[in-house]
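# Please find the sequence and the predicted model below.
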Amino acid sequence: MNRRSLPAVALILQLALVSLAQSGLPVGIPQAKPKDEPPAQQPAPPAKPSPTPQSDSDDDIVKISTNLVQVDAVVTDRSGKPVTDLKQDEVQIFEDGRQQKITNFSYVVADSSVPAPVAKAVKPADKNAAPAPPLPPGVVRPEQIRRTIALVVDDLGLSFQSVYYVRRALKKFVDEQMQPGDLVAIIRTSGGIGALQQFTADKRRLYSAIDHLKWFAGGRSGVTPFAAMEDTSGQTDEAMAASEELNQFREDTFAVGTLGAVRYVVDGLRELPGRKSILLISDGFKIYNRDDPTANLRALEALRRLVDQAGRASVVIYTMNATGLQTLGLTAADNTGGRSADQLEQALSDRRTAAFDSQEGLDYLAKETGGIAIRNTNDLGGGIRKVMEDQKGYYLIGYRPDESTFDAKTGRRKFHRLTAKVTRKGKYNLRTRNGFLGVTDEEIKTAQNTPQQRVIKALLSPFGSAGVHVRLTSLFANDPKVGSMMRSMLHIRGSDLTFTDEADGWHKAEFDVVALTFGDNGGIVESPINRTYTARARGEDYQRVLREGFVYFLTVPVKKPGAYQLRAAVHDRGSDRVGSASQFIEVPDMKKNRIALSGIVISGSDPAAPQKAEPKANASEHNGEQQEISNPQTSAAVRQFHNGQLMNYGVIVYNAHLDKAQGQPQLQFQVKIFRDGKPVFTGKEQPLNLTGPTDVKRVGAAGVLQLGGEMVPGEYVFQVIVTDLLADQKHRLATQWMDFEIVK
């Protein structure tokens, strides 16, 4: 690569690091020692009912193959409590009415039963006091996931009234019912391709998704779950019939749209870990029409395809009717003009019938996939709790099918009906999926043959793909001329790329970089970045690329405040390997003039060396993209540290209020370090005093911590908390965090 010296890593780094001389922080370097961290302990094993519980693994998913049919089942007693101690000889399973010999039988514990830390500001006892800073989220890896839960909010079919209660119930779920090891998404059926990017264990992101739930005025539901009666004076029977037919077509179309969105979620869940479930929250949809059996065929066919797909992906679908308890009688919104007594009674009868029929689709979907349907309750939060209770554990039941199960000589595949029952004395309820087509999973599995398909799959996964190791650091910043932006650093491990030898000692690698930015509704907010690069290096530069990798910088302007997610993938053309990473960013509304923080820049340095926040590096330009050869032990893009290293950090404080007399802000500054959601280091809260001229609307703050020698290798989170003493109590706190890793 061509050699040159970078004056600074990026605009955001320039702003933050220049402020080191202005910050007024103490010159002494505090040492981050995890004094309060207890010694690492292995978790206690769960109690062992018979059969022995096992954890989720690749062997635990539902399978359909020529030598094994394996399904999951939930068993409850007459009071609805889970039964966990059944033995193999106490369960029978039938295929098309013929009993099968059970060869695999186990109980899987999917719930950690440990309360999760609440990752939002805790309300203080004193209403006038400032809220406590939120806890930063931990780093979640695939092997830690116990339950993967998609809360699908059918905004295509939710009334304005229902949306309010749904939002309240979802917030209660995030506050009280999420467990460690839960991977959760809140997805709108009107969302775009980015919907599956929302799977997270970060409660901050879930709160943002809930806050953005809105009534979809163009959907199939109005202000209330059931449309108010209108004055029919002057309307002919033909006009009323045409209007009814149009409404029926509209409802059918939106129902198909809802089921299509759920199918998309099911497909995305197929490759995810843990006990996988969907909770569809809707006002309901019809699958049968009493007067015209052909009226809802599209919705019914879509429903049947969805049921089969859910079974293949080992996804249980629960449903909840958000309308709650409805009187279904006359209301103040009804206009009875133009109706006789008989017509009025018929209209009320139609309303009751519609309420019943709209629930049938939800009931059918839950029953056929092994879930439960929550209905006729105003306690939506309690309904979600019931679904989560049902997710604590399940049985895996397997048997070896007959040859006829997958006999395709006729060219037609038969649907095989599954039933199961408990033979133990007493009343028990066993729920499992109700059948499958006579096709093996291997036969219907879509091969990811092209590089494009593999890149898309990597971008859709909530976990980073590690075919090529990449690390993404996205930082929010605001410039008075440019406005708000996301400045991102993508570190690529050079040794994962395939270099070919060329003349004169040169080495060449070709790779593709794809980046997408999603908004809160799952839609793409900026034009995708899709470029192909050729990296050439020789001599010491080549060795450094292999040893230390390099960084690409991407800048995405942000026009509106809100929640954003940047996802990037790298495809190595030589080996066809793909790597991906993602990061969530909350962009504040700068026009509200409330205190806000930029992203945090953290980098490492040797205590024996002169302090500097980011060393100079060799770099090159290719197709206008800025690149940098980066040392993983010092780079802000990699964030890997050894014990005893110095951690340099910088952040910008926006919109600080000013003292009218002196024209200066009054800011308090504090840093914390967390591991597994628990604080291991808490710095002293200290004033942020400014020295010299500076833009008081963009106050830079930077400092240095020395990492203690006792810090256990692993993932950590660094948090900065700034308090504006001149702001009102509700809006005086701002916080940001950034993850980093301690390596041996």
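Alright, I've got the coordinates.
# hang on, Ile186 packs against Leu151?
Yes - here Ile186 reaches Leu151: they are 4.9 Å apart, a contact under Cβ atoms under 8 Å. (Each C-beta comes from the backbone N, C-alpha and C, glycine too.)
# Overlap in contacts, the two.
Leu170 (Cβ atoms under 8 Å, 6 or more residues apart in numbering).
# Now the longest strand along the chain: average pLDDT?
Criterion DSSP state E: the longest strand present in the chain is strand 506-518. In this model, strand 506-518 carries a mean pLDDT of 89.
# who does the next helix or strand after that strand pair up with?
Heading C-terminal from strand 506-518, the first helix or strand you meet, by DSSP states H and E, is strand 529-538. Applying DSSP bridges to the sheet, strand 529-538 is found paired with strand 506-518 (antiparallel).
# buried stuff in the strand it pairs with?
By neighbour count on 16 or more other Cβ atoms under 10 Å, the buried set for strand 506-518 is 507-518.
# now, which of the residues you listed sits nearest Glu368?
Using Cβ to Cβ, Phe518 is the member of these that lies nearest Glu368, at 31.8 Å.
# so what's that closest one bridging to?
According to DSSP bridges, beta-bridge pairing links Phe518 with Ile524, Gln565.
# pretty sure it contacts Val556?
No - judged on Cβ under 8 Å, Phe518 makes no contact with Val556 at a distance of 11.2 Å.
# before we move on, which element is Ser358 in?
Ser358 belongs to helix 341-369 when assigned by DSSP H and E.
# Please look at Asp572 and Gly467 and confirm they touch.
Yes - Asp572 is in contact with Gly467 according to Cβ under 8 Å; the separation is 7.5 Å.
# Once you drop chain neighbours, what's closest to Tyr428?
With sequence-adjacent residues excluded and distances taken as Cβ to Cβ, 6 or more residues apart in numbering, Tyr428 is closest to Val422, at 4.2 Å.
# Return the set of residues that bridge with that neighbour.
Counting by DSSP bridges, Val422 is bridged to Val91.
# quick one: pLDDT of it?
Value for Val422, per-residue pLDDT: 94.
# Common neighbours of Phe518 and Val556, please.
Leu566.
# and the residue nearest to Tyr428, how far is that from Lys392?
From Val422 over to Lys392 the distance is 18 Å, taken as Cβ to Cβ, to the nearest Å.
# mean confidence score for stretch 455-468?
pLDDT averaged over stretch 455-468 gives 72.
# start to end distance for it?
11 Å (Cα to Cα, to the nearest Å).
# Which parts of the stretch 501-650 of the chain are strands?
For the stretch 501-650 of the chain, the strands defined by DSSP state E, counting those that start in this stretch cover 506-518, 529-538, 550-557, 562-572, 578-587, 596-597, 601-605, 619-622, 625-629, 640-641, 646-654.
# Repeat that for the stretch 101-250 of the chain.
Using DSSP E, counting those that start in this stretch, strands in the stretch 101-250 of the chain cover 102-109, 147-153, 182-188.
# Indicate which one of these is closest to Asp402.
Short answer: strand 102-109, nearest of the strands of the stretch 101-250 of the chain by Cβ to Cβ, at 13.3 Å.
# helices and strands around that closest one, which ones?
Contact here means 3 or more Cβ pairs under 8 Å, 6 or more residues apart in numbering; DSSP states H and E; on that basis strand 102-109 packs against strand 53-54, strand 68-77, strand 91-95, strand 393-399.
# other SSEs contacting the second one?
This means strand 68-77. Contacts defined by 3+ Cβ pairs under 8 Å, 6+ apart place strand 68-77 against strand 63-65, strand 91-95, strand 102-109, strand 393-399, strand 415-422, strand 428-432.
# repeat that with 6 Å
Contacts defined by 3 or more Cβ pairs under 6 Å, 6 or more residues apart in numbering; DSSP states H and E place strand 68-77 against strand 393-399, strand 428-432.
# Just name the most buried of those strands.
When the helices and strands packed on strand 68-77 are scored by mean count of other Cβ atoms under 10 Å, the highest mean neighbour count falls to strand 393-399 (a mean of 21).
# now the angle from that one to strand 91-95?
Between strand 393-399 and strand 91-95, the angle comes out at 50 degrees (axes from the mean of the first three to the mean of the last three Cα atoms, to 10 degrees).
# All further residue positions should be reported with the first residue as 706.
Got it, first residue is 706 now, which makes that one strand 1098-1104.
# Please identify the pairing partners of strand 1098-1104 and their relative orientation?
Partners of strand 1098-1104 in its sheet, by DSSP bridges: strand 773-782 (antiparallel), strand 807-814 (antiparallel).
# What ranges does this protein have for its helices?
Applying DSSP state H to the chain gives helices spanning 716-723, 865-881, 908-916, 942-974, 1002-1017, 1046-1074, 1085-1094, 1146-1149, 1156-1165, 1244-1253.
# what's the least confident stretch among those?
helix 716-723 (a mean of 32).
# any idea how this structure splits into domains?
716-744+1154-1447, 772-815+1099-1144, 851-1055+1070-1094 (automatic domain parsing).
# These: which one's closest to Asp1062?
domain 851-1055+1070-1094 (4.9 Å).
# Turn the domains of the chain into CSV, columns for distance to Ser1063.
Shown next, in CSV, are these (distance: least, Cβ to Cβ, whole Å):
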stretch, distance to Ser1063
domain 716-744+1154-1447, 25
domain 772-815+1099-1144, 22
domain 851-1055+1070-1094, 3
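# lowest-confidence stretch among the ones you listed?
Taking the mean pLDDT of the domains of the chain, domain 851-1055+1070-1094 comes last: a mean of 74.
# in the sheet, who's paired with the residue nearest to Ile854 when sequence neighbours are not counted?
Take Ile854 and drop its neighbours on the chain: the residue closest to it by Cβ to Cβ, 6+ apart is Val889, 5.0 Å away. Taking DSSP bridges as the rule, Val889 bridges to Ile854, Thr905.
# and Ile769, how many residues sit next to it?
The local packing of Ile769 (other Cβ atoms under 10 Å) involves 23 other residues.
# Distance check, it against Leu1123.
Ile769 is 11 Å from Leu1123, by Cβ to Cβ.
# pretty sure Val1175 contacts Ala1286?
Yes - taking Cβ atoms under 6 Å as the definition, Val1175 is a contact partner of Ala1286 at 4.9 Å.
# Can you pull the residues that touch both of the two?
Residues touching both Val1175 and Ala1286 (Cβ atoms under 6 Å, 6 or more residues apart in numbering): none.
# Mind listing what's buried along stretch 1355-1367?
1355-1362.
# Run through the bridge partners of Leu1410.
Met1352.
# pretty sure it is touching Gln1350, no?
No - judged on Cβ under 6 Å, Leu1410 makes no contact with Gln1350 at a distance of 9.5 Å.
# if I look at the residue nearest to Tyr1133, how far off is Thr808?
18 Å.
# Quick check: closest non-adjacent residue to Ser1310.
Leu1351 (4.7 Å).
# Identify the residues contacting that neighbour.
Leu1351 makes contacts with 1310, 1312, 1409, 1411, as judged by Cβ under 6 Å, 6+ apart.
# which of these count as buried?
Using 16+ other Cβ under 10 Å, the buried ones in those are 1310, 1409, 1411.
# The first one and Ala1406: what is the separation?
This means Ser1310. 18 Å.
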